[in-house]
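Participant: no sequence on this one, just coordinates:
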């Protein structure tokens, strides 16, 4: 096990436990979507995002994962997390409009983040400033027309300093994404726009890092396949964990699951097991990134329609 | 007024922080601005929700975005983006709505803006600006570049009566003195009312006041003097009653113990006959035309 992998493993499991503790102590739900996006936020903030970069959490209901990520960076303290969701807190259920320097916008109404991030990216370009802008959306969020408005704008203006990440956990408010408004395969929609589109396992830190190494001549879209409730066996892929808080017994079982995963991981990737104790496969299309690049729809392939 | 607006912005085009976004409008009007601003003039396409949020993002990086469209497309379509992205963060974005009130006339109700500032002024920190005359625009543009709050700029058509002279722009302005009622008007609608008043005897005509910034700041002493003398205030606006200046003034005057004995509002009544016509037609249907206001000021209905 390399030193780096060891660090990753600690980080991802420690943060997962802190997230569960915070939600349990505050009696707050939205845990499933926080666990699906936590690894993405952790890896982005620890391994990709630098001083000149900005991050917009468009799926504001994953604020818990963002707060824990900022805690893991030392930008929020234990005392801050203890006040999560309580009267007088800065840490509201969705990211606040003021009070945390690294949170540029209050979010929570879906479909705003991509445009806000496009504005930040364009502003950087016009001001001649370095740095990139990262925006994490949910998958159900792409029901919102404003997301597609943002995509058209970002691509038209070739905002190469913008990366959109989709937390593709397949579940939304009142059904699966397939049942509610099927956009699948979502990545193909982005490719038809001519965007550089990558598909990764959203719980694999090495894949996440690799996906963000390069920038292209326009915006990049990372479609990260994830599991709602990832790392807690009784939450995974279950819609009720979009909403429910944990009771004490569930909290104990959740922590035990995460600890088991921590002991097993060698890469930071949360290891998941079936009832017989066998390791479950990763929930993503197993296509190497290099091959995905080659498979990308090239603008010229769209012929006259592009005019 | 749109051409004067364009010219005033061209004068600011060299500011490195100025960015102009249009929702695919401005043909035969904004070309000089486009040419002066280069890459900082962006046609954001017919996608107002995105345009407003992009404006918020630009402002977050320290730029001064102006976001332009026909009025309802810039305040009604992207309302949540204005609320959550601009106003919750107090960002200095200027939303420019061309065609305040019934200005788009027979183009139809979808293009009218008769509840614009009432809707917007409920948002934190936002102020609305309704220039009445072409001569107001440049001063307002300069003021908005220095402002640190979100703003709505309601463009209409200047209706300065021929030969009339009006004081330079300040938010509260007295346009003529008279012995009758005190009449307070929002924006360009005041032009025709002023023309009628100037033809009347001073003893009978109203004291006519113009307000071009909302919500109103503390009125000047001279306005309060007129109010005490006449004991009769008429508030006239090309805007629905709900959320309009009339309601704001009623509240402010009651709370400060200055309420006059007679208080009347004349507001946009919507589509009274269900028919469409020019701005003049819709004003008349609402009793906002100069003759109706003069009758009202003289004590009639």
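Facilitator: That came in fine, so what should we check first? Just so it is clear, the model here is predicted, and its values are computed rather than measured.

Participant: mind listing the helices for the stretch 151-300 of chain A?
Facilitator: A:177-181, A:186-192, A:205-211, A:248-264, A:289-295 (DSSP state H, counting those that start in this stretch).

Participant: so which of those is nearest chain B?
Facilitator: Relative to chain B, the nearest member of the helices of the stretch 151-300 of chain A by CB to the nearest CB is helix A:186-192, separated by 16.4 Å. For glycine as for every other residue, the C-beta is placed from the backbone atoms N, C-alpha and C.

Participant: from the contact counts, what lies against the closest one?
Facilitator: strand A:196-201, strand A:220-225 (3 or more CB pairs under 8 Å, 6 or more residues apart in numbering or on different chains; DSSP states H and E).

Participant: turn the ones you listed into JSON lines, columns for mean neighbour count and distance to chain B.
Facilitator: JSON lines is the format used below for the helices and strands packed on helix A:186-192 (neighbours: other CB atoms under 10 Å in any protein chain shown; distance: least, CB to the nearest CB, whole Å):
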{"stretch": "strand A:196-201", "mean neighbour count": "24", "distance to chain B": "20"}
{"stretch": "strand A:220-225", "mean neighbour count": "25", "distance to chain B": "16"}
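
Participant: related to what we said a few turns ago, residue A:55 is nearest to which of the helices of the stretch 151-300 of chain A?
Facilitator: Closest approach to residue A:55 among those (CB to CB): helix A:205-211, 13.5 Å.

Participant: give the buried residues for that closest one.
Facilitator: A:205, A:206, A:207, A:208, A:209, A:211 (16 or more other CB atoms under 10 Å in any protein chain shown).

Participant: what packs against it?
Facilitator: Helix A:205-211 packs on helix A:31-43, strand A:196-201, strand A:220-225, helix A:289-295, going by 3+ CB pairs under 8 Å, 6+ apart.

Participant: now it, how far from the centre of its chain.
Facilitator: Relative to the centre of its chain, helix A:205-211 is centred 13 Å away, using CA atoms, centre = their mean, to the nearest Å.

Participant: how confident was the prediction at residue A:281?
Facilitator: Looking at residue A:281, its pLDDT is 60.

Participant: apologies, that question was intended for residue A:215.
Facilitator: 70.

Participant: deepest in the core, which of the helices of the stretch 151-300 of chain A is it.
Facilitator: The highest mean neighbour count among the helices of the stretch 151-300 of chain A, using mean count of other CB atoms under 10 Å in any protein chain shown, belongs to helix A:205-211: a mean of 21.

Participant: chain A contacts on the stretch 1-150 of chain B?
Facilitator: With CB under 8 Å from any CB of the partner chain as the criterion, the stretch 1-150 of chain B meets chain A at residues B:19, B:39-40, B:42, B:44-45, B:47, B:49-50, B:52-63, B:80-81, B:84-85, B:88-89.

Participant: the residue of chain B found nearest chain A is in what secondary structure piece?
Facilitator: For chain B, the residue closest to chain A is residue B:57, as judged by CB to the nearest CB, at 1.8 Å. Using DSSP states H and E, residue B:57 maps to helix B:48-60.

Participant: now for the residue nearest to residue B:281 when sequence neighbours are not counted: which residues touch it?
Facilitator: Nearest in space to residue B:281, with sequence neighbours left out and distances taken as CB to CB, 6 or more residues apart in numbering or on different chains, is residue B:105 at 7.2 Å. For residue B:105, the contacting residues are B:276, B:277, B:278, B:279, B:280, B:281, B:282, by CB atoms under 8 Å, 6 or more residues apart in numbering or on different chains.

Participant: I'd say the fourth one and residue B:100 touch.
Facilitator: No: at 10.1 Å, residue B:279 and residue B:100 do not qualify as touching, with contact defined as CB atoms under 8 Å.

Participant: related to what we said a few turns ago, state the distance from the closest residue to the residue of chain B closest to chain A other than its chain neighbours to residue A:63.
Facilitator: Distances taken as CB to CB, 6+ apart place residue A:119 nearest to residue B:57, at 1.8 Å, with adjacent residues excluded. Counting by CB to CB, to the nearest Å, the separation of residue A:119 from residue A:63 is 21 Å.

Participant: same question for residue B:186.
Facilitator: 41 Å.

Participant: as TSV, the helices and strands packed on helix A:205-211 with distance to residue A:187 would be great.
Facilitator: Formatted as TSV, the helices and strands packed on helix A:205-211 follow (distance: least, CB to CB, whole Å):
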stretch	distance to residue A:187
helix A:31-43	16
strand A:196-201	5
strand A:220-225	4
helix A:289-295	9
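
Participant: got CSV for the ones you listed, with mean pLDDT too?
Facilitator: Shown next, in CSV, are the helices and strands packed on helix A:205-211 (pLDDT from 0 to 100):
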stretch, mean pLDDT
helix A:31-43, 95
strand A:196-201, 94
strand A:220-225, 96
helix A:289-295, 50
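
Participant: show me the helices in chain B, by range?
Facilitator: In chain B, the segments counted as helices under DSSP state H are B:2-10, B:31-37, B:48-60, B:71-75, B:79-80, B:116-120, B:134-146, B:190-198, B:221-230, B:245-255, B:279-285, B:290-297.
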